[in-house]
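A.B. asks: sequence unknown, structure follows:
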Ligand code: UDH
Ligand code: MN
């Protein structure tokens with residue numbers, strides 16, 4: 001006791017050195033673990049957003065954001081203001097015959113596969129613009145040229161869908177719009193749907209493309225009618241209904257082939273549900289219709305008054321729930337989603 005040989009001293013010192021080395025490696029291990037947690041943080045933050053079904057633009061942006069060397073988590077975006085500070089009011093519209101699709105694409109680089117969302121705030125509504133179309137390429141070009149910047153100034157999350165009727169049987173605007181609603185909902189759970197003629201260009205960006213508590217009619221006036229409502233109860237051209245409102249009325253009728261009546265039928269459906277059509281002020285809800293003649297495949301529908309009389313009897317089984325069609329192709333082009341459909345032909 002009290003006596004230690006030189007061999008014993010060496011052992012005692014060795015014990016302390018070993019203890020010191022063990023503590024060093026524990027410290028190094030802790031430091032390594034915490035480094036990994038910091039690196040992981042942005043990835044796990046991005047994951048819940050990326051899981052939103054079919055939210056293609058967000059998925060793409062998140063994929064870009066989730067690169068492993070990114071260390072800083074972006075601050076969550078605030079909701080965009082009630083009124084966008086980017087609005088310009090009455091616009092000077094141009095319809096240059098030399099305009100090319102490539103020009104419109106390069107003017108709208110922030111649009112990805114027809115979809116856009118503001119980068120600095122969260123849009124108040126997600127809006128699908130549905131445009132029935134066949135053989136009106138020039139009108140479509142003019143509309144895309146004006147509508148994309150217009151919607152971006154309104155700080156909306158939106159996508160444009162063009163629903164092309166395949167073949168040359170009589171045109172059916174209403175059925176194409178039903179198809180647009182059903183197809184767009186496969187991509188994303190849009191809050192609001194704008195049913196939009198291809199030849200109507202909005203003249204004032206205070207005419208905001210969002211849905212209200214009631215169905216909204218956006219074309220109070222247009223150039224060709226002296227900017228007056230065409231008739232009391234007119235509900236055509238451009239209308240906005242939210243997802244639930246349109247579902248509640250069972251969408252449009254599928255049975256209006258040719259020109260006329262389908263918009264009045266939708267009004268009847270809305271009224272049957274005790275909803276009330278609202279309109280923006282007349283000095284704002286103004287449109288320019290690109291001049292055109294009646295299309296050869298869209299003759300006046302002589303049956304429209306008879307069909308209108310039957311709407312209260314048939315609306316429950318003629319509409320979204322009976323809309324059969326065959327999708328021929330679905331292309332995600334830079335400025336719009338192009339859905340080409342075979343919607344069949346009139347029964348008789
Ligand atoms: N549409 C097409 N292709 C067609 C027919 C209609 O794309 O062949 C679409 C297009 O979105 C159009 C909408 O359906 O804007 C409504 O059709 P329309 O523009 O022919 O209807 P509108 O009431 O014209 O504007 C009616 C006939 C015009 C007569 C002109 C006489 N001055
Ligand atoms: Mn027209």
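C.D. replies: Done, it's in. Bear in mind the structure is a predicted one, so any value in this text is a computation, not a measurement. Ligands and ions are numbered 1, 2, ... in the order given.
A.B. asks: Mind giving me the packing neighbours of the strand or helix carrying residue 182?
C.D. replies: Assigned by DSSP states H and E, residue 182 belongs to helix 173-187. Applying 3 or more CB pairs under 8 Å, 6 or more residues apart in numbering; DSSP states H and E, we find helix 173-187 packed against strand 126-133, strand 157-165, strand 192-196, helix 262-272, strand 337-342. Every residue, glycine included, has its C-beta placed from N, CA and C.
A.B. asks: Format the ones you listed as TSV; extra columns: mean pLDDT.
C.D. replies: Formatted as TSV, those follow (pLDDT from 0 to 100):
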stretch	mean pLDDT
strand 126-133	99
strand 157-165	99
strand 192-196	99
helix 262-272	98
strand 337-342	98
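A.B. asks: Same list (the ones you listed) but as a markdown table, adding distance to residue 311 and mean neighbour count.
C.D. replies: Below are the helices and strands packed on helix 173-187 laid out as a markdown table (distance: least, CB to CB, whole Å; neighbours: other CB atoms under 10 Å):
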| stretch | distance to residue 311 | mean neighbour count |
| --- | --- | --- |
| strand 126-133 | 20 | 24 |
| strand 157-165 | 23 | 25 |
| strand 192-196 | 17 | 25 |
| helix 262-272 | 5 | 22 |
| strand 337-342 | 24 | 19 |
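A.B. asks: Looking at those, spot the one closest to ligand 1.
C.D. replies: Nearest of those to ligand 1, taken as CB to the nearest ligand atom: strand 126-133 at 4.3 Å.
A.B. asks: so what does the helix or strand following the closest one touch, helix or strand wise?
C.D. replies: Remark: after strand 126-133, the chain's next helix or strand is helix 137-153, criterion DSSP H and E. Packing partners of helix 137-153 (3+ CB pairs under 8 Å, 6+ apart): helix 101-107, strand 115-116, strand 126-133, strand 157-165, strand 200-202.
A.B. asks: And ligand 1, is helix 137-153 touching that?
C.D. replies: No - applying CB under 6 Å from any ligand atom, one finds helix 137-153 out of contact with ligand 1, separated by at least 7.0 Å.
A.B. asks: rewinding a little: for my notes, please list the helices and strands packed on helix 173-187 in a markdown table and give distance to ligand 1 for each entry.
C.D. replies: Output for the helices and strands packed on helix 173-187, formatted as a markdown table (distance: least, CB to the nearest ligand atom, whole Å):
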| stretch | distance to ligand 1 |
| --- | --- |
| strand 126-133 | 4 |
| strand 157-165 | 7 |
| strand 192-196 | 8 |
| helix 262-272 | 9 |
| strand 337-342 | 13 |
